[in-house]
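Visitor: sequence-free structure coming up:
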Ligand SMILES: NC(=O)C1=CN([C@@H]2O[C@H](COP(=O)(O)OP(=O)(O)OC[C@H]3O[C@@H](n4cnc5c(N)ncnc54)[C@H](OP(=O)(O)O)[C@@H]3O)[C@@H](O)[C@H]2O)C=CC1
Ligand SMILES: O=C(O)[C@@H]1CCC=N1
């Protein structure tokens, strides 16, 4: 597939998320010649050039040459990156930030007046085109800016528009979400070991249970309670496990965990970057 538009897009701070996005855009038909990347280290720049055929440039050159700038550095590095970009970014550029916690206002106040800024929270399944990217407009971002962001992130999964006030909650749910599932798989594999299964078999069983359950959740249209009830036979095995999960406060632990993730996003926004 090839694209008809020839927008130049730069990914600034091309680490795990930046690279996942880049590879997805190329799979989605973006020409490597239209993609610029910036890195802090030369060997990383060389690696990206070799792997994808994209062009590594300085942050200043990215700002001068690209129509759309995707900021994908850590929140802790954002102020410094914006300082480098500010003299070169004009208000005809679109700036998209993928950083947790960082608000569009934080970016707007450091760039030229009226620069359109869009905030996006993706997640790592963008690597397998099953990402979830939550999108919010800053004060100068038009509908066209949101559509372009959806075009870019839609190449690697689903997108959802939300008011920016919901971004920290969405970060806790879907930005960090994959980590909770990996944590569960890890813990359930340990349980398999306890029950006497070899690690590789326990892992395969849990992963396939997770894949099957995920597809049913997505495709059956059934509520998760109904799906769980279908597994839970009277006086059977599952209800004994559910009783233990409730006894150990797993539901409360998940609610507290996501609240803590949401709160950390708020801290990052307020400049508490430690
Ligand atoms: N990982 C995830 O699951 C998700 C992450 N995010 C967000 O994405 C962003 C990136 O996260 P992630 O990819 O995990 O982090 P990484 O550390 O893997 O990537 C960030 C990259 O930015 C580079 N960098 C930092 N400062 C500069 C600069 N001034 N110029 C050029 N490059 C720079 C770093 O270089 P160096 O390698 O030298 O440190 C690093 O390679 C974060 O803001 C995070 O909140 C959003 C959703 C999910
Ligand atoms: O842990 C983090 O801060 C990043 C943002 C969402 C997922 N990973």
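Guide: Received it, and whenever you're ready, just let me know what you need. Keep in mind the model is a prediction, meaning the values are calculated, not measured. Numbers count the residues shown, from 1 in each chain. Ligands and ions are numbered 1, 2, ... in the order given.
Visitor: dump the residue contacts of residue 79.
Guide: Residue 79 is in contact with residue 110, counting by Cβ atoms under 8 Å, 6 or more residues apart in numbering. Bear in mind the C-beta positions are built from the backbone N, C-alpha and C, glycine included.
Visitor: check the one 10 residues further on too.
Guide: Residue 89 makes contacts with 63, 69, 95, 111-112, 115, as judged by Cβ under 8 Å, 6+ apart.
Visitor: do any residues in the lowest-mean-pLDDT helix or strand in the chain lie close to ligand 2?
Guide: Ranking every helix and strand in the chain by mean pLDDT, DSSP states H and E puts helix 16-27 at the bottom, with a mean of 93. No: taking Cβ under 6 Å from any ligand atom as the criterion, helix 16-27 and ligand 2 are apart, separated by no less than 8.0 Å.
Visitor: next helix or strand past that helix?
Guide: Using DSSP states H and E, the helix or strand that follows helix 16-27 towards the C-terminus is strand 35-38.
Visitor: which residues are contacting that next one?
Guide: Strand 35-38 is contacted by residues 8-14, 18, 22, 25-26, 45, 48, 52, 54-59, 61-62, 65-66 when judged by Cβ under 8 Å, 6+ apart.
Visitor: likewise for stretch 206-218?
Guide: 181, 184-185, 188-189, 192, 222, 224, 227.
Visitor: if we go by neighbour counts, what in that stretch is buried?
Guide: residue 206 (16 or more other Cβ atoms under 10 Å).
Visitor: buried subset of the contacts of residue 89?
Guide: Members of the contacts of residue 89 classed as buried by 16+ other Cβ under 10 Å are 63, 69, 95, 111, 115.
Visitor: tell me which of those fall in strands.
Guide: Per DSSP state E, strands hold the following members of those: 69, 95.
Visitor: widest-spaced pair of the buried ones among the contacts of residue 89?
Guide: 63 and 115 (10.6 Å; Cβ to Cβ).
Visitor: which residues are common contacts for those two?
Guide: 89, 93.
Visitor: which helices and strands sit right next to the least confident helix or strand of the chain?
Guide: strand 9-12, strand 35-38, helix 42-52, helix 143-154 (3 or more Cβ pairs under 8 Å, 6 or more residues apart in numbering; DSSP states H and E).
Visitor: who wins for proximity to residue 241 among these?
Guide: The nearest among these, by Cβ to Cβ, is helix 143-154 at 37.2 Å.
Visitor: which parts of the closest one are buried?
Guide: In helix 143-154, counting by 16+ other Cβ under 10 Å, buried: 145-146, 148-154.
Visitor: quick one: it to helix 16-27, angle?
Guide: Relative orientation of helix 143-154 and helix 16-27, computed by axes from the mean of the first three to the mean of the last three Cα atoms, to 10 degrees: 90 degrees.
Visitor: quick one, phi psi at residue 233?
Guide: phi -80, psi 150 (degrees, to the nearest 10).
Visitor: could you find the closest non-adjacent residue to it?
Guide: Closest residue to residue 233 apart from its sequence neighbours, by Cβ to Cβ, 6 or more residues apart in numbering: residue 239 at 7.6 Å.
Visitor: hang on, isn't that neighbour packed against residue 232?
Guide: Yes: using Cβ atoms under 8 Å, residue 239 makes contact with residue 232 at a distance of 5.3 Å.
Visitor: many thanks, have a good one.
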